[in-house]
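Asker: with the input below, show me the fold.
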Amino acid sequence: MKKAHRKKELLLVLFAFLLLAGCGKLGEEQPPSEEEEEKVQIGMIFDNFVMERWLRDRDVFVSTAKELGAEVNVQNANSSVEEQVELVKYFIKKQVDVIVIVPIDSEPLLASVKEAQEEGIKVISYDRLIVGAEPDLYISFDNKKVGTLMGTALSRKLEKNDKVLMICGPETDNNAIEVQNGFEEVMKEKQIQVLDIYHADGWKPEYAAMYVRQNGDLARQVKGIMCGNDNLAGQAVSALAEQRLAGEIYVTGQDADLAACQRIVEGTQYMTVYKPIEKLAARAAKAAVDMAEGNGFAYDLYVTAEGGKTFPYIKMEPIAVIEENMQQVIIDEGFHLKEEIYLNRPELLD
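Answerer: Take a look at the predicted model:
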C-alpha cells in the first residue's frame, strides 16, 4: 500500500512539473503578450454637448487616443456641476489612468480632483482651468489674447468715446474672466467706453437674448457688443433683429461656429475667434497618453493669480476671423465648407 501511495505521489509531482514546464521555465512569471497588455484608460468629462465645438473636441480626442492605443470613456455632465463631481468619483472607482475635465464650476470639483490625484490618477484641466486645483496639466488657448483679438477688431470699426456692451461668460469660468480682461485692456487703451458688463450664468445663450431685450435702451446707445462666445452672439443678434438693430451694431464672438461664420458673411456678426480645436484635442490626447505611460512632453508653466502656484501648461494660439479672411482661416483649413458658410448668401460664392 505504501509503495502504491508513493508511486501515486511521484506521478502527481511529475504531472505538475510538466504543466509548469509547458508554461515556461519553472518559477518564472511569463510576460503578457502584446495583445494582453492593458490599454491606457482615460475618462473624459464634458460640460455639455449643446455647444457645437465640444463635439469636435470629443471626436478628435477620442480618435487620437485610440490611434495611440488608449481607450476613452466619454461622459456628458449636461451642464450640471454636481454631475461632474459624481463622474469624477465614478472614474476614481474605475481606477482610470487619466481624467480629463472641461469644468463647469471649479469650487465643487476641488475635493474630488484632489481625491483622484491622491489615488494616483492624473488630472487634465481641458480648455477651462479648475481654479484652486493643481492639475497635472492645464491645456487651453491663450484666453486673454482671445479678448484682445475681439477688442482690437472692434476698435478698428469704432472711434474714441464710442460705447460698447459686454455679454461675458460666467464669473465662475476662469476663461471668461481672462477674455474679459483682454478685451477691457484694449477698450481702455483705445478710450472706448464699456457701458455695461453682463455675465451669462452657465454660458446659457438665452440669457444673452434676455439681456438685450431687457436693455434695449443701452443697445441703442452702443456701436459694438462683445459676446463671450458664438452661442451668446447668436442670441444677442436675434434679440437685436427684433429691435431692427441687427447689422447696425458690431457683434463679436469666439469658437468660429458654423452659424457664426454664416452670420459674418450675412453681415449680422462682425467677427469671431477661431481656435484650432482639432490641434488642441489631439495635443491633449497625446499628453494624456504620455502622462499615463510616464513619458515626458513639452510644456510651459501656468502661474496662478492667487498664491502664485505653478503647474504644467500647454497654450495654443487663437486667430481673429472676419469676412475678409474667412477663406484663408476657415475654409482653406477645412474647418467649415464654403457652401455651408454661404448657404444663405449663394450669390457671394465664386
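Asker: mind listing the helices for the stretch 251-350 of the chain?
Answerer: Using DSSP state H, counting those that start in this stretch, the helices of the stretch 251-350 of the chain run over 258-266, 277-293, 326, 338-341.
Asker: redo the ones you listed as TSV? Include distance to A320, mean pLDDT and mean neighbour count.
Answerer: For every residue, glycine as well, the C-beta is placed using N, CA and C. Converted to TSV, the helices of the stretch 251-350 of the chain look like this (distance: least, C-beta to C-beta, whole Å; pLDDT from 0 to 100; neighbours: other C-beta atoms under 10 Å):
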stretch	distance to A320	mean pLDDT	mean neighbour count
helix 258-266	11	97	21
helix 277-293	16	96	21
helix 326	11	97	21
helix 338-341	16	96	16
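Asker: looking at the ones you listed, which is closest to F311?
Answerer: Counting by C-beta to C-beta, F311 lies closest to helix 277-293 out of these; the figure is 12.5 Å.
Asker: K89 and A77, how far apart?
Answerer: The gap separating K89 from A77 is 13 Å, by C-beta to C-beta, to the nearest Å.
Asker: higher neighbour count, these two?
Answerer: Each of K89 and A77 has its neighbours counted (other C-beta atoms under 10 Å); A77 has more, 22 against 14.
Asker: which element is I45 on?
Answerer: Assigned by DSSP states H and E, I45 belongs to strand 40-46.
Asker: actually V72, sorry about that
Answerer: strand 70-76.
Asker: which residues are contacting that strand?
Answerer: For strand 70-76, the external contacting residues (C-beta atoms under 8 Å, 6 or more residues apart in numbering) are 39-46, 48-49, 58, 61-62, 65-66, 87, 90-91, 94, 96, 285, 288-289, 292.
Asker: give the buried subset of the residues you listed as a ChimeraX selection command.
Answerer: Of the contacts of strand 70-76, the buried ones go into a single ChimeraX selection, burial set by 16 or more other C-beta atoms under 10 Å:
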select :40,41,42,43,44,45,46,49,58,61,62,65,87,90,91,96,285,288,289,292
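Asker: that older thread, buried ones in the strand holding V72?
Answerer: For strand 70-76, the neighbour count (16+ other C-beta under 10 Å) marks 70, 72-73, 75-76 as buried.
Asker: look at the nearest residue to L337 once chain neighbours are set aside and say how many residues are nearby.
Answerer: Closest residue to L337 apart from its sequence neighbours, by C-beta to C-beta, 6 or more residues apart in numbering: I331 at 7.3 Å. By other C-beta under 10 Å, the residues close to I331 number 18.
Asker: contact partners for N143?
Answerer: The contact partners of N143, by C-beta under 8 Å, 6+ apart, come to 174-175, 178-179, 182.
Asker: my bad, should have said D196
Answerer: D196 neighbours (C-beta under 8 Å, 6+ apart): 165-166, 215, 218.
Asker: one more: G151?
Answerer: Residues in contact with G151 (C-beta under 8 Å, 6+ apart) are 182-187, 190, 226.
Asker: just for the stretch 51-200 of the chain, where's the confidence low?
Answerer: Along the stretch 51-200 of the chain, segments meeting pLDDT under 70 are nowhere present.
Asker: go with 90
Answerer: Within the stretch 51-200 of the chain, the stretches with pLDDT under 90 are 51-53, 172.
Asker: and the helices in it?
Answerer: 52-67, 81-93, 110-118, 143-155, 174-190.
Asker: just the C-alphas of the shortest one, formatted as CSV.
Answerer: These are the backbone C-alpha positions of helix 110-118, laid out as CSV (Å, rounded to 0.1, in the frame of the first residue of the first chain):
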residue,chain,number,x,y,z
LEU,A,110,-11.7,70.6,-5.9
ALA,A,111,-12.2,67.8,-3.3
SER,A,112,-12.9,65.1,-5.9
VAL,A,113,-10.0,66.2,-8.1
LYS,A,114,-7.7,66.1,-5.1
GLU,A,115,-9.0,62.6,-4.3
ALA,A,116,-8.3,61.4,-7.8
GLN,A,117,-4.7,62.7,-7.6
GLU,A,118,-4.2,61.0,-4.3
